Structures are given as structure tokens and as C-alpha cells.
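Visitor: no FASTA, just this:
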């Protein structure tokens, strides 16, 4: 089976105008990048009861807003698919957007809502630490990342830190994320 045929048979597949799920035991494995969930997400990432940062990152890439209520209505294979699917090149992003839109419609009876793309890509700037990250670090009594540390973070790590600075949220995982990403020492993270 060619790689194109494998991709076409991945869970889910779009056939005859609808998304179909092909059980994993009936399809060949697809080589993907390792799925990244963070240690600070360990209390919920395995069960996928909450939306992991890796999925939230992909939501921003494809420009779709997904509420926790909508996520909770998805079946486990749909949640796992959203976590595992690549979403880096334009074709991947479009396929992800189409599948997500279908999942939302099928499971909630709602239309997918778009998000502002301008807000969604703040994590892409690796040339300087955003003020919200510096402010959040100060409010938690820890040293903010240096420019060099910020630059070395992956896109997903920068995205996660930015998400963990949102106003109106507890953001209790901000310091654990800073520790996990090697920005803080264990000693400083416990102060």
C-alpha cells in the first residue's frame, strides 16, 4: 500500500461526502511525529478529558474555536485523532479543519466558530519574550524567561506559556510549565 493510500485510509477518512472511521486494527500504521503532551498536563492528558495543549495549538493553527463542552461530546477515537494528526503544512491544516468542523456539527449540532488568526500566532514570534509572559512570571514570583531561553523553546512550548497567561484563568500550570521547559530551576520553582 502506498503512503497516499495509507493516508486516505487513516482514521477518519472522508468518503462519499462524510467522515468514516476506520478501526486501527483494519488499517496500516501511519508514521507520525511523536505526540507531545506535557508533564504538567499528566492529570488529564492520558484520559483526554480536557483539551491538551497540542490540540489547542492545532485549533489555533486551523482557526477554529472549540469549547470544553464540545470536546467532551467527542468520542475517544475522535479526541485521539485530533491529538495525533499532523497539522503543520497547509494540506494538513485544511484536513484538520474539515474533520474538526464535521466533529463539532455531528456531536453538538453546532457550527464551528472561527478565531481571530492575529491572536492565534503570537507564539510564533521567537525574537522577544511577550510582556504577558513576563508579567505572569512576576505575578508568580519567578524569573521570566530570557530572550535566549524564549528563542530556544519549541512553537508548542511558547504557545503553552502564552495560553497559561490568559486573564480570568487560574493558570496554575504556568510555573510547572516553566520548570518542565527548563526555564526555571527546581529551587526557584518552589519559592
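Guide: Yep, that arrived. Computed from a predicted structure; not experimentally measured.
Visitor: Which residues does stretch 170-184 contact?
Guide: 38-41, 136-137, 140, 142-143, 145, 149, 153, 157, 160-161, 164-165, 186, 189 (C-beta atoms under 8 Å, 6 or more residues apart in numbering). Every residue, glycine included, has its C-beta placed from N, CA and C.
Visitor: got the buried residues for that stretch?
Guide: Buried residues in stretch 170-184, counted by 16 or more other C-beta atoms under 10 Å: 171, 173, 174, 175, 176, 177, 178, 179, 180, 181, 183, 184.
Visitor: swap in stretch 48-63?
Guide: 48, 51-63.
Visitor: Could you do stretch 141-148 as well?
Guide: Buried, per 16+ other C-beta under 10 Å, within stretch 141-148: 142, 144, 145.
Visitor: Is it correct that the first one falls within a strand?
Guide: Just to be clear, that refers to residue 142. No: counting by DSSP: H, G, I helix; E, B strand; the rest coil, residue 142 is not part of a strand but coil.
Visitor: May I have the secondary structure class of the nearest residue to residue 66 once chain neighbours are set aside?
Guide: In this structure, residue 66 finds its nearest non-sequential neighbour in residue 59, 5.4 Å apart by C-beta to C-beta, 6 or more residues apart in numbering. Three-state call for residue 59 (three-state DSSP): helix.
Visitor: Any figure for the gap between residue 59 and residue 137?
Guide: 25 Å (C-beta to C-beta, to the nearest Å).
Visitor: Might one say that residue 121 is in contact with residue 60?
Guide: Yes: counting by C-beta atoms under 8 Å, residue 60 is a contact partner of residue 121 at 7.4 Å.
Visitor: Against residue 178, how distant is the residue nearest to residue 66?
Guide: From residue 59 to residue 178 the distance is 23 Å (C-beta to C-beta).
Visitor: what's the answer for residue 139, then?
Guide: Distance, residue 139 to residue 178, using C-beta to C-beta: 13 Å.
Visitor: now swap in residue 112 and tell me
Guide: On the measure of C-beta to C-beta, residue 112 and residue 178 end up 33 Å apart.
Visitor: Please identify the helix or strand for the residue lying closest to residue 127 once chain neighbours are set aside.
Guide: For residue 127, ignoring the flanking residues on the chain, the nearest one in space by C-beta to C-beta, 6+ apart is residue 151 at 7.1 Å. Element membership for residue 151, per DSSP states H and E: helix 147-152.
Visitor: contact partners of that helix?
Guide: 126, 127, 128, 129, 133, 158, 182, 183.
Visitor: Just the buried ones among those, please.
Guide: Among the contacts of helix 147-152, the ones that count as buried (16+ other C-beta under 10 Å) are 129, 133, 158, 183.
Visitor: residues touching residue 163, list them.
Guide: By C-beta under 8 Å, 6+ apart, residue 163 lies in contact with 53, 56.
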